[in-house]
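1. Attaching a predicted model along with its sequence, questions to come.
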Amino acid sequence: MINLILLGLPGAGKGTASERIVDKFHLTHISTGDMFREAMANKTKVGLEAKSYIDKGNLVPDEVTAKLVEERLSQPDITEGFILDGFPRTTNQAELLDGILDRLHKPLTSVISLEVAESTLVERLSARFMCKECGATYNKLSKKPKVEGTCDRCGSHEFYQREDDKPEVVKNRLEVNEKMNAPLKDYYDQKGLLTVIDGERAPEEVFEDIDKVLSNK
């Protein structure tokens, strides 16, 4: 069984890598964003607790997020293992996760960090644009619509760039994320779980390295 955390700054290629890992190793991909939406839609106890903070514009406390993660990791669809996406973000959350995994007898097997230079990340993120109708995401560098000016998914011709994908905002986002990411990498490095992989290369090459790490687990 593979239980994995994938780390990396926005634009490092975690989404692409996750898809390939799920395809090959049949892991359950667990995104905290999806978990929040699902728990709130299903009106679970923890979902309603999280919603009470979100509705007031407050951050959801770590303990509430951790309860949500424990609820999700307890579900029966996690047969081959999991990839955690978006949690933990801090060492406090990492410690809470250790407690959850101990209780569920599902120890972490690997933590992979995709490392990409800031200049590359700014270039990648600033090249992102979205369909105004359906929200499909494209990239001027790596993922253009099949027909220029037409959304592959819904056929719309209207696109826009998110405010937080503009270069000056991207730099600030990356600085904030790096401050959170660095202590986490140290935390898992000290536990002997961390592998750093160069994310500057083509997705196929990046996945080759990830495959080597996970195939040895």
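-> Alright, I've got the coordinates. None of these values were measured; they are calculated from a predicted model. Numbering: from 1, shown residues only.
2. okay, now Thr16: neighbour count?
-> 17 (other CB atoms under 10 Å). Bear in mind the C-beta positions are built from the backbone N, C-alpha and C, glycine included.
3. What are the contacting residues of the host helix or strand of it?
-> If you go by DSSP states H and E, Thr16 is part of helix 14-25. For helix 14-25, the surrounding residues in contact (CB atoms under 8 Å, 6 or more residues apart in numbering) are 2, 4, 6-8, 27-29, 80-81, 83, 85, 112, 114, 203, 206-207, 210-211, 214.
4. Show me the contact partners of the helix or strand containing Asn172.
-> Using DSSP H and E, Asn172 maps to helix 167-190. If you take CB under 8 Å, 6+ apart as the criterion, helix 167-190 is touched by 5, 7-11, 88-91, 94, 111, 113, 118, 121-122, 125-126, 163-164, 194, 196.
5. Restricted to buried residues, select those in ChimeraX.
-> Restricted to buried positions by 16 or more other CB atoms under 10 Å, the ChimeraX selection for those reads:
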select :5,7,8,9,10,11,88,89,94,111,113,121,122,125,126,194
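6. Return the subset of the contacts of helix 167-190 lying in helices.
-> Among the contacts of helix 167-190, the residues falling in helices (DSSP state H) are Thr91, Ala94, Glu118, Leu121, Val122, Leu125, Ser126.
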